[in-house]
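A.B. asks: Below are the sequence and a predicted model; questions follow.
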Amino acid sequence: MKKNITSIVVFVIIVSFIVYKAVTQESRLMRDFKRSTAEIIDIETFHNGGKNIFIKFKAKIDGKELTSKTSVDCAKSKKAVFKDYLIGKKLDIVYERTDPDNCKMLLTRKSYQKYKLIPSNESAMVLDSIESICNAD
């Protein structure tokens, strides 16, 4: 019984730390961000039972190449369609001024609104396609 309680306590501490780190990174990014453009270089999924597709991208920030990924809530079965359409496309990213590794690609109109940004016409077309792909059955 004591072993179970210890396991639960350790689990709660680890989950709390992960949530805290994610929340503080997000709030730092919201507070002090810059906008740039990045190229989509790959589409990934993981076998975790979730619905997310991960969009891998690269950008050049202050002369340094940065590679990261952002998830989009879309059925994993759409991965091939994403690969065919999105590889090589460019979209906006936001990154923390003092820590460019803390970054996100803006993959939805809602993500642009969150940062009070407006997508270019070219980006808007890509966003429309992402929304169309994810909402199609």
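C.D. replies: Ah, there it is.
A.B. asks: Just the buried residues of the longest strand seen in the chain, please?
C.D. replies: When secondary structure is assigned using DSSP state E, the longest strand within the chain turns out to be strand 33-44. Applying a neighbour-count criterion of 16 or more other Cβ atoms under 10 Å, the buried positions in strand 33-44 are F33, S36, A38, I40, I43. Just so you know, the C-beta spots here come from the backbone N, C-alpha and C atoms, and that holds for glycine as well.
A.B. asks: Return the residues in contact with the second one.
C.D. replies: Remark: with contacts taken as Cβ atoms under 8 Å, 6 or more residues apart in numbering, S36 is in contact with A59, I61, D92, I93, Y95.
A.B. asks: same check, this time on the last one
C.D. replies: In this structure, I43 makes contact with I53, F54, I55, K56, K79, F82, K83, L86, I87, judged by Cβ under 8 Å, 6+ apart.
A.B. asks: Kindly report the same for the fourth one.
C.D. replies: Each residue near I40 by Cβ under 8 Å, 6+ apart is listed here: I55, K56, F57, L86, I87, G88, K89, K90, L91, M105.
A.B. asks: Could you check how far it is from K78?
C.D. replies: Counting by Cβ to Cβ, to the nearest Å, the separation of I40 from K78 is 14 Å.
A.B. asks: isn't P119 right next to L106, touching?
C.D. replies: Yes: using Cβ atoms under 8 Å, P119 is in contact with L106, at 7.3 Å.
A.B. asks: Neighbour count: those two, which is higher?
C.D. replies: Neighbours were tallied for P119 and for L106 using other Cβ atoms under 10 Å; the higher tally belongs to L106 (22 against 18).
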